[in-house]
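S.K.: I need the structure of the sequence given here:
(chains A and B)
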Amino acid sequence: MAHEETAPTLYGLMAEFDTPDALLHAAESARLAGYRVMDAYSPIPIEELSEALGLARTRLPKLVFLGGLLGGIGGYSLEYYCAVIAYPLNIGGRPLHSWPQFIPVTFETTVLGAALACFIGMWALNRLPQPYHPVFNVPAFARASTDRFFLCIEATDPAFKLDGTRQFLEGLHPVGVSEVAP
Amino acid sequence: MAQPTEHHHHRVATAAANDPALAELLARTPAVIAPGHTFESVTDSIGHLVLSKRTPIGWFFGFAIAFALLMVLNVTIAKLLLTGIGIWGNNVPVGWAFDIINFVWWIGIGHAGTLISAILLLFRQGWRTSINRFAEAMTLFAVACAAMFPLLHTGRPWLAIYWLFPYPSTMGVWPQFRSPLMWDVFAVSTYGTVSALFWFTGLVPDMATLRDRAKSRTAQVIFGMLSLGWRGSARHWHRYEISYLLLAGISTPLVLSVHSVVSFDFAVSVLPGWHAVIFPPYFVAGAIYSGFAMVMTLAIPLRKFYDLEGFITMRHIHNMTKIMLVTGMIVAYGYANEAFFAWFSGNKYEEFMMYNRMTGPYAVFYWALISINVVMIQLFWFRGVRDNLPLLFILSLLVNVGMWLERFVIIVMSLHRDFLPSSWDMYAPTRWDFGMFLGTIGLFLALFFLFIRFLPAIAIFEVRTMVPEAKLKAEHHG
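M.R.: Prediction:
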């Protein structure tokens, strides 16, 4: 019955700020202080945050290019297969492989492939949909989608120490600091 | 994405300080968002339209009318499927009539939504943010209405699948990709799909906001699922913004291609009145023109009845009127070009086509079209007209009438006087034609009423980036 809980009891420490400036400053300070495993949460996109957190550029554009390429090749091959191999029809003596007539559909399938790659790729790289995430355990986090800005330093960061990190976050003048249950 | 425009504003402000004329002009230009808004006030004033338990009585009134028209659609479709397309007025030589007129009309209306959400985003037009969401919704609903016409024109849509979509059927028959009608199937279905992806992507952060603000458990669960667990992480926002730009970049050539392909349905044929090189750009301009007219038709009552005048300001109304003026003038150029080439070609069939348009049995529709799309839109030059909302509402309805007439003129008037006088005939729509047209208006309005009740009609997170709080004050170095 007396089962010992060995899993980590803490996901991380989260500081709450009330302006985008404060969050950006906090993210920069945290990175300069040596923290790496952290994330910032905001109700609006803040372009400068990815640089402040030292995030790598996403490979989404490459995926979208590949999706477009596959869509284009797929669309053209489909037309070629239909018009030349599967169902050859003589239309006004034109060659079966009448490529200029195949361009509009090739264009549309290129767009479709790129758009699907963009949509699926973005959500997949973001690991969404994800119904549960520890940050939602913090009651104040409900305002992260309205007007509050959060920085969460995760417990898996090598530099993370419960007291030290808490002191560091308190030093950034947040509205509050909370422990995030896993 | 708000940052570059901020630099721009700064530069403009400096220039205005040195130039009294520019300062006066700026003072007369209404703001994109009413002053005094904060993150909280923006979120609350848009969010409460959805989360509020109270539905305005006017909503029920409007929805009831739309729903009644939607039932007309159901009846006409049932009748059509039971009887066949003989219930419509089109018959040889006028094989295309209301079905294609309404298809082109609806598809065209959709184009403004994509222009606002994609092209204006790439051009960094900050004012687009408060109108893009409902304009995109308008696109989706218009495409749904449009697609219904060619699909039902096949008479037995469930049998049409094998020649519309390439799949290995037991008959061994494959679609004919040399036909512009096939291009149309791919253009419209791609357009519908990409518009839906774009629209849903834009909704996700707002769904998270509504999830966090909802009081009822049902709303929390529904918005929670729709938000996909969005938590506003910086990593997510980074990819999100890139994907949004990429989708905008993809949608821009797409929207231009869709109405070009629609115009190929006509231009690739050899019929006088259809076989014209000007068709693709002229159709695209006409589409954007009619689409903005529909955005105006929806925006003017929406901002009034839902107190959204602080978000959809006179700046939006002015800008949209100006876009209508520009695209309307391109359309007018198209009419002039058609008439010029009918004469310049020296081809007597072309000459007769234009003569028949101007003096033939349907000439009244041609002159009605010219008086709306060429003469009436000149009113948009005047500031007094751009400030007069009731007048603008009527004018934008008339623009939609004008664009409907344009398709009538092109389609019916070119077909009814064929090459051989022995095959000439007149066309008149039946009540089922009108029923189906009114029915799709009902479908469109019903979907729109449901949309403004259950989803945020304005992109909350994008409008949040427009308030002063969102501006970064200090210089940051990463």
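S.K.: residue B:226: how many residues sit nearby?
M.R.: 18 (other CB atoms under 10 Å in any protein chain shown). For the C-beta atoms, the positions are set from N, CA and C on the backbone; glycine is no exception.
S.K.: got the contact list for it?
M.R.: The contact partners of residue B:226, by CB atoms under 8 Å, 6 or more residues apart in numbering or on different chains, come to B:203-204, B:207, B:211.
S.K.: any idea how far residue B:312 is from it?
M.R.: Plainly put, residue B:226 is 24 Å away from residue B:312 if you go by CB to CB, to the nearest Å.
S.K.: got it, and residue B:53?
M.R.: To residue B:312, residue B:53 is 25 Å away according to CB to CB.
S.K.: same check, this time on residue B:191
M.R.: In terms of CB to CB, residue B:191 sits 25 Å off from residue B:312.
S.K.: between the two, who's got more neighbours?
M.R.: Neighbour comparison, residue B:191 and residue B:312: the larger count goes to residue B:191, with 29 against 25 (by other CB under 10 Å).
S.K.: hmm, that one is touching residue B:255, no?
M.R.: Yes: with contact defined as CB atoms under 8 Å, residue B:191 reaches residue B:255; the gap is 7.3 Å.
S.K.: which neighbours do those two have in common?
M.R.: residue B:114.
S.K.: would you map the strands across the stretch 1-150 of chain B?
M.R.: Counting by DSSP state E, counting those that start in this stretch, the stretch 1-150 of chain B forms no strands at all.
S.K.: for chain A, give me its nearest residue in it.
M.R.: Residue nearest to chain A within the stretch 1-150 of chain B (CB to the nearest CB): residue B:39, separated by 3.6 Å.
S.K.: state the number of residues packed around that residue.
M.R.: For residue B:39, the neighbour count with other CB under 10 Å is 24.
S.K.: and it, how far is that from residue B:233?
M.R.: Counting by CB to CB, the separation of residue B:39 from residue B:233 is 18 Å.
S.K.: what does residue A:163 give?
M.R.: 26 Å.
S.K.: residue closest to the middle of the chain?
M.R.: As the question left the chain open, I've gone with chain A. Most central in chain A under CA atoms, centre = their mean is residue A:126, positioned 3.3 Å from the mean C-alpha point.
S.K.: the chain in question should be chain B.
M.R.: Centroid-nearest residue in chain B: residue B:110, 2.5 Å away (criterion: CA atoms, centre = their mean).
S.K.: hang on, it packs against residue B:291?
M.R.: Yes: if you go by CB under 8 Å, residue B:110 and residue B:291 touch, sitting 6.5 Å apart.
S.K.: okay, and the common contacts of those two?
M.R.: B:138-139.
S.K.: helices of chain A, start to end?
M.R.: Here chain A has its helices, by DSSP state H, at A:20-32, A:47-53, A:60-80, A:103-125, A:162-170.
S.K.: which residues in the stretch 351-478 of chain B form helices?
M.R.: B:363-370, B:383-387, B:389-415, B:431-454, B:460-464 (DSSP state H, counting those that start in this stretch).
S.K.: helices or strands next to the third one in the packing?
M.R.: In other words, helix B:389-415. On a contact count with 3 or more CB pairs under 8 Å, 6 or more residues apart in numbering or on different chains; DSSP states H and E, helix B:389-415 meets helix B:98-114, helix B:279-305, helix B:314-344, helix B:348-359, helix B:363-370, helix B:383-387.
S.K.: what residues are up against residue B:313?
M.R.: Neighbour list for residue B:313: B:30-34, B:130 [criterion: CB under 8 Å, 6+ apart].
S.K.: turn those into TSV, including distance to residue A:18 and neighbour count.
M.R.: Listed next are these as TSV, based on distance: CB to CB, whole Å; neighbours: other CB atoms under 10 Å in any protein chain shown:
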residue	distance to residue A:18	neighbour count
B:30	30	12
B:31	25	12
B:32	24	20
B:33	21	21
B:34	23	13
B:130	24	27
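S.K.: mind checking which of the residues you listed land in helices?
M.R.: Under the assignment DSSP H, those contribute nothing to helices.
S.K.: so what's residue B:159 up against?
M.R.: No contacts exist for residue B:159 under CB under 8 Å, 6+ apart.
S.K.: ok, it to residue B:151 distance?
M.R.: Distance from residue B:159 to residue B:151, counting by CB to CB: 11 Å.
S.K.: returning to that earlier point: per-residue pLDDT, the residue nearest to the centre of chain B?
M.R.: For residue B:110, the pLDDT comes out at 93.
S.K.: from residue B:147, how far off is it?
M.R.: Counting by CB to CB, the separation of residue B:110 from residue B:147 is 10 Å.
S.K.: burial check on the residue nearest to residue B:113 when sequence neighbours are not counted, number of neighbours?
M.R.: The shortest distance from residue B:113 to any non-neighbouring residue, by CB to CB, 6 or more residues apart in numbering or on different chains, is to residue B:139 (3.0 Å). Residues lying near residue B:139 (other CB under 10 Å) number 30.
S.K.: so residue B:139 makes contact with residue B:106?
M.R.: No: Residue B:139 lies out of contact with residue B:106 (CB under 8 Å); the separation is 10.2 Å.
S.K.: joint contacts of those two?
M.R.: What both residue B:139 and residue B:106 touch, as defined by CB under 8 Å, 6+ apart, is an empty set.
S.K.: doesn't residue B:112 make contact with residue B:195?
M.R.: No: Residue B:195 lies out of contact with residue B:112 (CB under 8 Å); the separation is 11.8 Å.
S.K.: looking at these two, which has the bigger crowd around it?
M.R.: Legend: neighbour count by other CB under 10 Å for residue B:195 and residue B:112, higher for residue B:112 (30 against 27).
S.K.: tally of neighbours for residue B:202?
M.R.: By other CB under 10 Å, 20 other residues sit near residue B:202.
S.K.: and it, how far from chain A?
M.R.: 12 Å (CB to the nearest CB, to the nearest Å).
S.K.: show me what contacts residue 136?
M.R.: Just so you know, I chose chain A. residue B:231.
S.K.: oops, I was thinking of chain B
M.R.: For residue B:136, the contact set (CB under 8 Å, 6+ apart) comprises B:113-114, B:116-117, B:195, B:198-199, B:202.
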